[in-house]
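K.L.:
Got a predicted model here, sequence first, then my questions.
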Amino acid sequence: MPTRPIGKERVGAVGLGAMPLSVRGRPDERQAIATVHAALDAGVTLIDTADAYHLDASDPGHNELLIARALREYGGDASGVLVATKGGHTRPDGAWALDGSAGYLRGAVEESLRRLGVEALGLYQHHRPDPEVPYEETLGALKELHDAGKIRAAGISNADPAQIRQARDVLGEALVAVQNQFSPAFRSSLPELELCEELGLAFLPWSPLGGIGGAAELGSEHRAFHEVAEEVGASPQRVCLAWMLALSPCVIPIPGARRAASVRDSAQAPSLRLSEQQLARLDAAA
């Protein structure tokens with residue numbers, strides 16, 4: 001699989017969003033681990049997780065623990081895999097809440113290190129700005145964690161252009177990635193994507209196929225993707241990822257998956273070449 005840069009790292013042009021393996025509707029552990037192994041077999045070297053990817057307080061950090069186990073049990077070479085995790089979301093009673101305070105993030109990083117079984121986190125991303133905490137405090141905590149060697153690189157998620165520039169000012173070269181929602185149905189993050197290209201940051205679209213349950217509807221909800229898929233003999237999902245990759249060399253989609261077949265299909269997107277006319281039709285599709 002072709003590679004793209006995330007800071008000093010190079011990873012496969014398509015990653016694995018591991019969230020569906022741990023939240024409601026998740027598969028059993030055997031299927032989940034098989035899905036991760038299928039991704040690795042297909043050349044995927046970026047796995048996106050988070051400490052908040054679990055059901056409720058009964059299984060905190062489920063996804064991080066799952067990824068750590070899958071990597072340990074993989075029969076091939078997983079030394080080149082970059083695990084990107086996140087902190088800043090909390091899950092009281094299974095709901096979603098925020099805590100962007102420096103103290104919380106310090107503790108969250110220690111827990112992620114323990115669950116993933118590593119001495120430093122390859123890429124640690126702040127999950128979502130907390131309106132109750134000044135963003136400079138959150139960014140300062142990331143810089144402190146980087147300078148202390150707890151994280152090798154930093155990222156931010158769900159950030160607007162002003163927050164991206166602020167993060168770059170605080171973190172400097174330690175900031176390597178921005179993870180925002182982006183899909184055929186949700187294109188309002190185009191300014192952030194363009195800014196990432198300008199600043200030399202990786203842009204990681206989350207829910208690139210429309211989120212949990214949305215991927216299956218992509219071809220019917222967005223007819224142009226179905227039509228192009230028929231023309232090139234591929235799935236609408238693979239066409240969608242190939243379209244995203246053509247938008248900018250900074251884009252690394254992280255589609256979620258529960259099944260090995262989904263991962264294998266997504267991993268073929270970098271080799272799918274769409275014509276300029278086809279790309280223009282997809283660009284124009286609402």
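P.N.:
Noted; the coordinates are in hand. Computed from a predicted model, the values in this text were never measured in an experiment.
K.L.:
got the residue ranges for the strands in the stretch 101-250 of the chain?
P.N.:
Assigned by DSSP state E, counting those that start in this stretch, the stretch 101-250 of the chain shows strands spanning 123-126, 154-157, 175-181, 202-206.
K.L.:
any chance of the ones you listed in TSV, plus mean neighbour count?
P.N.:
Where you see a C-beta, it was placed from the backbone N, CA and C, and this is true even at glycine. As requested, the strands of the stretch 101-250 of the chain are arranged in TSV below (neighbours: other C-beta atoms under 10 Å):
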stretch	mean neighbour count
strand 123-126	26
strand 154-157	26
strand 175-181	24
strand 202-206	25
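K.L.:
Any chance of the ones you listed in a markdown table with distance to residue 260 and mean pLDDT as columns?
P.N.:
Listed next are those as a markdown table, based on distance: least, C-beta to C-beta, whole Å; pLDDT from 0 to 100:
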| stretch | distance to residue 260 | mean pLDDT |
| --- | --- | --- |
| strand 123-126 | 24 | 98 |
| strand 154-157 | 27 | 98 |
| strand 175-181 | 24 | 98 |
| strand 202-206 | 21 | 98 |
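K.L.:
now the ones you listed as CSV including distance to residue 82?
P.N.:
What follows is the strands of the stretch 101-250 of the chain, written out as CSV (distance: least, C-beta to C-beta, whole Å):
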stretch, distance to residue 82
strand 123-126, 6
strand 154-157, 11
strand 175-181, 10
strand 202-206, 11
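K.L.:
quick one: which of the ones you listed is nearest residue 90?
P.N.:
strand 123-126 (13.1 Å; C-beta to C-beta).
K.L.:
Now do residue 270 against residue 241, distance only.
P.N.:
In this structure, residue 270 and residue 241 are 8 Å apart, going by C-beta to C-beta, to the nearest Å.
K.L.:
any residues in contact with both of the two?
P.N.:
Shared contacts of residue 270 and residue 241 (C-beta atoms under 8 Å, 6 or more residues apart in numbering): residue 14.
K.L.:
Which one of those two is surrounded by more residues?
P.N.:
Using other C-beta atoms under 10 Å as the criterion, residue 270 and residue 241 rank with residue 241 on top: 27 against 20.
K.L.:
Am I right that that one is in contact with residue 271?
P.N.:
No: with contact defined as C-beta atoms under 8 Å, residue 241 and residue 271 do not form a contacting pair (10.9 Å).
K.L.:
Excluding chain neighbours, what is closest to residue 130?
P.N.:
Of all residues not flanking residue 130 in the chain, residue 100 sits nearest, at 3.2 Å (C-beta to C-beta, 6 or more residues apart in numbering).
K.L.:
SS state for the one you found?
P.N.:
coil (DSSP: H, G, I helix; E, B strand; the rest coil).
K.L.:
correct me, but it touches residue 140?
P.N.:
No: Residue 100 lies out of contact with residue 140 (C-beta under 8 Å); the separation is 10.8 Å.
K.L.:
Neighbour count for the two, which is higher?
P.N.:
Comparing residue 100 with residue 140 by neighbour count (other C-beta under 10 Å), the higher total belongs to residue 100, at 23 against 15.
K.L.:
ok, so what distance separates the more buried one from residue 88?
P.N.:
Computed as C-beta to C-beta, the residue 100 to residue 88 distance reads 5 Å.
K.L.:
any shared contact partners between those two?
P.N.:
126, 128, 130, 138.
K.L.:
ok, now which ones touch the nearest residue to the last one once chain neighbours are set aside?
P.N.:
Closest residue to residue 138 apart from its sequence neighbours, by C-beta to C-beta, 6+ apart: residue 100 at 4.1 Å. Contacts of residue 100 were listed using C-beta under 8 Å, 6+ apart, and they are 88, 126, 128, 129, 130, 132, 133, 135, 137, 138.
K.L.:
From the residues you listed, list just the buried residues.
P.N.:
88, 126, 128, 129, 130, 133, 135, 138 (16 or more other C-beta atoms under 10 Å).
K.L.:
which one of those is nearest residue 33?
P.N.:
residue 88 (26.7 Å).
K.L.:
Could you pull out the buried residues of stretch 54-70?
P.N.:
Buried, per 16+ other C-beta under 10 Å, within stretch 54-70: 54, 60, 61, 62, 63, 64, 65, 66, 67, 68, 70.
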